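Asker: have a look at this prediction, sequence included:
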Amino acid sequence: MRKGSPPPRPTVDGGDRVEFLLEPKESANDVIRLPANGDRLLIGRDLTNDVVWNSHVVSRSHAELLVDEGKAYLVPLSSDASRIRLNARPTTRGQRHELHHRDAVYFVGGLRQYAYEVRVRRPQPVDVIRLDHDDDDDDTPVEERSAQVVVDEDKDAPTRDDAPEGKRRRVDAPSSREDDDDERFECIVCTGILAFVHVLPCGHVACGKCLVKWLNTKRECPSCRAPVPAGAVLPPVHLLDNLVAEHVKGVDHEEMSDWQERCDEWRRHRPANNAPLRAPPEPRRAAPAAPAPRPRPEERDFFAHRVLSDTPRDAHKMETSAPTLVSTRPHSVHP
C-alpha cells in the first residue's frame with residue numbers, strides 16, 4: 001500500500017439463515033436436525049421414514065417436522081395424536097404446531113426416551129473486509145474472506161459489564177441451572193409443573209392426579225418401570241410442594257394458569273389433599289364353579305335298591321304275597 005493511501009473501507013455481508021434442532025433429553029438418542037426450508041422429515045415405525053423408531057408405542061407414520069418461511073412446525077400423524085405433547089399440552093392430528101426455542105416435545109406421552117427440546121440457532125456473520133488499494137504498481141489481487149459463527153441463542157445474554165449493579169450475579173448464572181430447575185419440577189407423566197406431589201416406592205415423583213390415572217392401568221413407575229405393589233402407600237412431599245410454589249412465581253402466565261387449574265381440580269375431587277395415596281389393590285378373580293358332589297357308596301346302593309323295588313314285577317309279588325284278611329266278627333251260635 002502506498003504511503004498516504006486511505007485505510008481500507010469495511011463492508012458487511014449479512015445472513016438470516018436459521019437452524020432448528022431437536023436435542024434429546026436422554027443422551028442415548030441422536031439429535032434431530034430439521035430439514036431445509038420447504039422440506040419434510042417423517043418420524044415413525046415404518047422403515048420408509050426419515051427417523052425410524054422401532055417400538056410398538058410408535059405409529060407407522062407418527063409425526064412430521066417441517067420448516068416453512070423460516071418457522072418450524074410439528075404435524076402429528078398418529079391416530080392417537082393426544083400422546084404427542086408440546087409443552088405438556090396434547091396436540092391435534094394433522095394440524096401444524098409451531099415450534100419455538102426451548103419448547104419440550106414428547107412424542108410418546110411422558111416417556112423421556114422420546115422427549116426432545118427445541119433449539120434454534122441463528123448464524124452471526126463476521127465482517128467481510130474488502131481492501132481497496134490505490135497503488136497501481138501492486139498486482140496483488142484483492143482477497144475477500146468471510147466466516148460464519150453459529151451461536152446458540154442461549155449465549156445471547158448480557159455480559160457482566162452490561163448488567164446493572166444489582167443484577168450482575170443473576171446474569172452470570174449459567175443457563176444449565178435453569179434447565180435443571182425446569183426438569184426437577186416437571187411431572188414424569190403429564191410433563192407439566194408438579195401439582196400436589198406424591199412419591200412412588202422407587203423414589204420418582206409425579207402429580208397426585210397423574211399417579212391415580214396411571215396406576216389404574218399400569219402397576220409400574222412411569223419413568224423406571226419398577227413394579228408398584230398393590231396397596232402401596234404413596235406419601236405426599238410437602239417440601240417439594242413448597243418449592244414448586246416458589247418456582248411457579250417465575251414462569252410465564254400460561255404455565256402458571258395451567259398449574260393453578262390442575263391444583264384446583266385436585267382440591268375439588270380430593271378434599272384431604274395432603275393425605276397419602278394408595279396403589280389400587282389386586283383385582284378380584286371370579287371363583288371357579290364348584291363341581292357337583294358325588295353320592296357316597298351307601299347312598300348309591302340305597303337309590304339303586306329303591307329303583308329296583310319300584311318296578312311292576314316287584315309290585316305284583318307284593319300283591320300275591322299279601323296276607324288275607326280274616327273277619328273278626330263272632331259267629332252266631334245255633335241253639
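Answerer: Received it, and whenever you're ready, just let me know what you need.
Asker: can you show me the helices along this protein?
Answerer: Using DSSP state H, the helices found in the chain span residues 168-171, 175-184, 208-215, 238-248, 253-269, 297-309, 312-320.
Asker: what strands line up against the longest strand seen in the chain, and which way round?
Answerer: Ranked by residue count, the top strand of the chain under DSSP state E comes out as strand 115-125. The sheet places strand 115-125 alongside strand 19-24 (antiparallel), strand 104-106 (antiparallel), strand 148-152 (antiparallel), with pairing taken from DSSP bridges.
Asker: give the contact list for the residue nearest to residue 74 when sequence neighbours are not counted.
Answerer: Leaving aside its chain neighbours, residue 74 sits nearest to residue 97 (4.6 Å; criterion: Cβ to Cβ, 6 or more residues apart in numbering). Where C-beta positions appear, they are placed from N, C-alpha and C, glycine not excepted. By Cβ atoms under 8 Å, 6 or more residues apart in numbering, the contact set of residue 97 is 73, 74, 75, 76, 86, 91.
Asker: repeat that for residue 45.
Answerer: 52, 53, 54, 55, 56, 58, 59, 60, 62.
Asker: swap the cut-off to 6 Å and go again
Answerer: 58, 60 (Cβ atoms under 6 Å, 6 or more residues apart in numbering).
Asker: next one: phi and psi at it?
Answerer: Main-chain torsions, residue 45, degrees, to the nearest 10: phi -90, psi -20.
Asker: any idea how far it lies from residue 23?
Answerer: Noted for residue 45: a distance of 22 Å to residue 23, by Cβ to Cβ, to the nearest Å.
Asker: so where's the protein shaky on pLDDT?
Answerer: Scanning the chain for pLDDT under 70 picks out the ranges 1-16, 27, 123-183, 271-274, 283-287, 295-335.
Asker: please parse this protein into its domains.
Answerer: What automatic domain parsing lists as the domains of the chain is 19-127+150-155, 175-278.
Asker: endpoints of stretch 39-50, how far apart?
Answerer: 12 Å (Cα to Cα, to the nearest Å).
Asker: what sits against residue 221?
Answerer: 200, 202, 204.
Asker: count of neighbours near the last one?
Answerer: For residue 204, the tally of surrounding residues (other Cβ atoms under 10 Å) stands at 15.
Asker: and the second one, by the same measure?
Answerer: For residue 202, the count of nearby residues is 13 (other Cβ under 10 Å).
Asker: excluding its backbone neighbours, what's nearest it?
Answerer: Per Cβ to Cβ, 6+ apart, closest to residue 202 is residue 226, 4.0 Å.
Asker: what does the first one give?
Answerer: Taking Cβ to Cβ, 6+ apart, and ignoring the residues beside it in sequence, residue 200 has residue 221 as its nearest neighbour in space, at 5.2 Å.
Asker: if I look at that neighbour, how far off is residue 76?
Answerer: Going from residue 221 to residue 76 by Cβ to Cβ gives 26 Å.
Asker: same check on residue 61?
Answerer: 10 Å.
Asker: more neighbours: which of the two?
Answerer: residue 76 (26 against 17).
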